[in-house]
Each structure stands twice: as C-alpha cells, then as structure tokens.
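>>> sequence and predicted structure, then a few things I'm wondering about:
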Amino acid sequence: MKKGKIKFYQRFFFILICFNFLSCNFIKDKIGSYYFNKAKKIAEREEVSEIEIDRFYDYLMKALDYKKDIPKSIDLVEGVTQASLKAGYVKAYENELRFFKKYVEKNPHSWEVYLNIINIFSLKGDLYNLSNLKSDFDRETMKDKNFKILSFIVEVNMLYWVQSYAQISLNNDYDEMIDYLSKYCTYAREIYEIKSESDSGFLNNVSPELIYYFNSTLSDFTTRQNSIKDNCSILEKLNKDQNFQKLVKYTIDGNRHFAKKEYTNAIIYYKAALSIDENFFDARKNLIEAEFQNLLALSLMKRNKDELVDFVYDKTQYLDEMLSEKASRLTNLPFSDNDKFISGVYALKAAMLSVLLDENIGSDKKNKIEKSIRNLLNEAIKYDPANKMAKELISRFASK
C-alpha cells in the first residue's frame with residue numbers, strides 16, 4: 001500500500017475517533033441537561049409532594065452521571081432543600097448531602113460544595129461526621145493546600161459544638177465534661193497551629209472563595225481566645241490538683257440533682273464541695289439556690305414561711321459578698337460565662353427578696369423591697385439579657 005493511502009486512512013480513522021468522542025460527549029451533555037431540566041421543572045412548581053421532591057434529587061443525581069459539572073444545580077438544590085425543610089420534609093438534608101457528596105466526587109475542587117457539606121453537619125452538631133470529614137481533608141492536604149483551609153473550618157465548628165455539649169455536661173456528668181474539655185483543648189491547639197501556618201504565608205495562593213471563609217472563621221475564633229485560654233487552663237489545673245478536681249466533680253454532681261429538683265441530694269454534694277473550699281462560688285451560689293427552692297416548697301406545703309423568711313435574711317449576705325467580688329472572675333467551672341454567673345446571683349437575690357413581700361408589711365417597707373427587687377432584676381438583665389429567672393420575675397411584677 002502506498003504511503004499516501006496509509007496517511008489518508010490514518011487521518012480518516014483519527015477524525016472518525018474524534019467524531020465519535022465528540023458525538024458521545026455531546027449526547028452525554030444532552031442527557032445530563034435533560035435530567036437537570038426535569039429537576040428544575042419540579043423546583044419551579046409552587047406545590048410538590050414528597051415523592052416529587054425525592055424525584056427532584058434523583059433527577060439531579062442522574063444528571064451528574066452524564067454531565068459532571070452543573071454549577072446551577074448547587075443553588076437549585078439549596079433552594080429546594082430549604083423550602084422542603086420549612087414544609088416539614090425531614091429527609092431534605094439527607095438528600096442534599098447525598099447529592100453534594102456525589103458532586104465533589106465528580107468535581108473534587110468544587111470548594112463551595114465542600115463548604116455546604118460542612119454546613120450540613122455543623123447545623124446538626126454531628127461531631128462524628130465532622131471528624132470523618134476532617135480526616136478526609138487532612139489526607140488531601142499534602143496534595144492541595146485548599147484542603148488545609150477546609151480542615152481548619154471543620155475543626156473550628158467542632159470546637160464550638162464540643163463547647164455546647166460540655167456546657168450541658170456541667171449539669172450531668174463530670175467524666176463526660178472532662179472528655180469534652182480534653183477534645184476542646186486538642187482542637188484549640190491544632191487550630192492555633194493552622195493559624196500559625198497562615199501567618200507564615202503557608203496558605204498563600206489558595207482559592208479566594210476559601211480565603212474569605214477562612215478569614216471570617218479565624219476572626220470569630222480570635223474573639224474567643226481569652227475564653228479558650230481560660231478553659232484550657234482549668235483543664236490543666238484539673239489534671240494537676242486533686243482537690244480542685246473534687247470541687248468541680250461535687251459541684252457537677254450537685255447540679256445533676258438540682259436539675260432533677262432533687263434538692264436534698266444537691267445540697268449534700270454542694271456542701272461536700274464547700275467543705276474543701278468554702279469560697280468556691282459555683283457551689284456556694286447553687287447551694288443557696290437549692291436550699292431556697294427546698295424551703296420554698298416546704299413553706300407552701302406547711303402554709304408557713306417563717307423558716308423561709310429567716311433563711312432569706314440570713315443568706316442574702318452571702319450573695320452580696322459574691323457581688324462585691326464581681327470585678328474578678330467568680331465562676332471556676334469550664335465553659336461558664338462570668339457575666340451569666342453574676343446575672344444569676346442578681347436574679348437569685350431578687351427571687352429571695354420577693355418572699356418578703358407580704359400583705360401584712362407596711363407600704364413603706366413594701367415599696368423599698370420592690371424597688372430593691374427591680375434594681376436587682378435590671379442588673380441581672382444587664383449582665384445577661386436572656387436570664388430566664390429574671391425575665392419571669394419582671395413579667396410577674398409587670399402583671400401586678
């Protein structure tokens with residue numbers, strides 16, 4: 001065969017292969033667009049059934065099988081998911097997550113979708129999946145620095161959720177609190193390491209979109225540095241000082257019983273803490289509140305509040321002593337806000353003074369007590385606008 005004919009057939013087969021390839025891609029693109037448009041039509045309807053919502057996600061999943069990069073699908077999914085959640089469709093997040101996971105498999109550098117996945121787990125406080133996500137990002141960090149930023153964002157979210165769970169554990173279990181506090185401080189150390197790398201320029205030349213989220217997350221984290229430092233200092237003290245460990249443990253045990261309105265048991269544990277350190281204000285304030293609630297219930301049963309009144313006159317001085325120290329940190333428990341603690345002391349004193357209001361007392365004395373109560377409640381709200389006890393007392397006085 002002549003060389004000219006060979007070259008002709010080579011070119012012919014090359015063109016044929018290219019044509020088939022382009023034709024195949026064209027067909028796939030059309031099929032992908034077909035499924036995307038079917039999903040879009042469902043999204044544009046004013047009312048849809050749960051079956052149709054499921055079909056919406058299924059159509060988009062099929063669209064990805066044929067056309068991997070469909071940027072418009074991201075906003076479409078977010079809109080349908082939010083509308084579905086408002087309508088009470090509980091599987092919306094599950095379907096959204098299923099789609100986003102497939103999207104990043106097809107488009108491994110779609111940073112916006114990674115952020116959406118982080119947001120889904122963060123909204124639910126899903127530490128298990130956030131931890132797995134962080135591990136996945138850490139494995140990819142050596143290949144691409146953008147994953148370092150994603151890992152940072154995940155870990156900051158984990159830090160905040162661990163703090164929330166630890167705050168709950170302060171009324172539940174000491175060992176659980178320690179576990180959360182240990183994780184919290186581990187996360188904090190790793191976050192500081194990434195922050196240090198950022199300061200050294202390690203994260204230069206990464207996605208501008210991720211840099212925006214990184215800077216925003218870092219700014220929020222930075223505002224909490226003093227609180228983080230305090231909490232981790234408490235962990236260090238708990239690991240070194242057995243008496244301090246007992247103080248915190250007894251106080252948490254007391255809180256658990258107090259939350260269940262088991263006042264007698266709560267009082268026992270708070271007194272155990274104060275036998276170690278009588279100036280441990282967390283136990284001192286809660287002991288007074290537990291004793292007050294216990295006597296209040298007994299006075300209602302006996303229809304006699306003489307013992308309760310004597311208690312109020314005797315114990316308010318201890319609350320005044322705490323308030324005289326409010327310029328310094330009063331609470332020694334981790335994850336406890338000092339302003340909220342001070343607010344709680346003001347509200348407790350106001351509640352105790354309200355017991356003294358009686359139809360048998362003179363108007364001058366009554367007016368004086370009411371004025372003191374209002375001042376205390378104003379201070380309580382100033383330190384913590386969300387103080388439940390203070391708001392209830394304010395509402396009660398407003399209705400009189």
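In hand now; what should we look at? Numbers count the residues shown, from 1 in each chain.

>>> tell me which residues touch Glu140, please.
Phe147 (CB atoms under 8 Å, 6 or more residues apart in numbering). Bear in mind the C-beta positions are built from the backbone N, C-alpha and C, glycine included.

>>> any idea how far Ala188 is from it?
23 Å (CB to CB, to the nearest Å).

>>> and if you look at Glu96?
30 Å.

>>> buried ones in stretch 81-90?
Residues of stretch 81-90 classed as buried: 81, 84, 89 (neighbour count, 16 or more other CB atoms under 10 Å).

>>> what does it rub up against?
For stretch 81-90, using CB under 8 Å, 6+ apart, the contacting residues are 50, 53, 92-93, 95-96.

>>> per-residue pLDDT, the spatially closest residue to Leu150 that is not a sequence neighbour?
Nearest non-adjacent residue to Leu150, counting by CB to CB, 6 or more residues apart in numbering: Phe137, 4.7 Å away. Residue-level confidence at Phe137 comes out at 94, pLDDT.

>>> Phe137 sits in which helix or strand?
Phe137 is located in helix 127-140, with elements delineated by DSSP states H and E.

>>> following the chain onward from that helix, which element is next?
Next element after helix 127-140 (DSSP H and E): helix 146-169.

>>> got the buried residues for that next one?
146-163, 165-167, 169.

>>> equivalent analysis for stretch 117-126, please.
Those would be 117-118, 120-122, 126, for stretch 117-126 by 16+ other CB under 10 Å.

>>> likewise stretch 314-331?
315-316, 318-319, 322, 326, 330-331.

>>> with just CA atoms, put it into PDB.
Output of stretch 314-331 as PDB, limited to C-alpha atoms (Å, rounded to 0.1, in the frame of the first residue of the first chain):
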ATOM      1  CA  ASP A 314     -29.500  35.000 106.700                       C
ATOM      2  CA  LYS A 315     -28.300  34.100 103.200                       C
ATOM      3  CA  THR A 316     -28.600  37.200 101.100                       C
ATOM      4  CA  GLN A 317     -25.400  38.500 102.800                       C
ATOM      5  CA  TYR A 318     -23.500  35.700 101.000                       C
ATOM      6  CA  LEU A 319     -24.900  36.800  97.700                       C
ATOM      7  CA  ASP A 320     -23.800  40.300  98.500                       C
ATOM      8  CA  GLU A 321     -20.300  39.100  99.200                       C
ATOM      9  CA  MET A 322     -20.200  37.400  95.800                       C
ATOM     10  CA  LEU A 323     -21.400  40.600  94.100                       C
ATOM     11  CA  SER A 324     -18.700  42.600  95.900                       C
ATOM     12  CA  GLU A 325     -16.200  40.400  94.000                       C
ATOM     13  CA  LYS A 326     -17.800  40.800  90.600                       C
ATOM     14  CA  ALA A 327     -14.900  42.700  89.200                       C
ATOM     15  CA  SER A 328     -13.000  39.400  89.200                       C
ATOM     16  CA  ARG A 329     -13.900  36.000  87.800                       C
ATOM     17  CA  LEU A 330     -16.500  34.400  90.100                       C
ATOM     18  CA  THR A 331     -17.000  31.100  88.400                       C
END
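
>>> average model confidence for it?
The model assigns stretch 314-331 a mean pLDDT of 92.

>>> okay, now the unreliable bits of the protein?
1-26, 359, 399-400 (pLDDT under 70).
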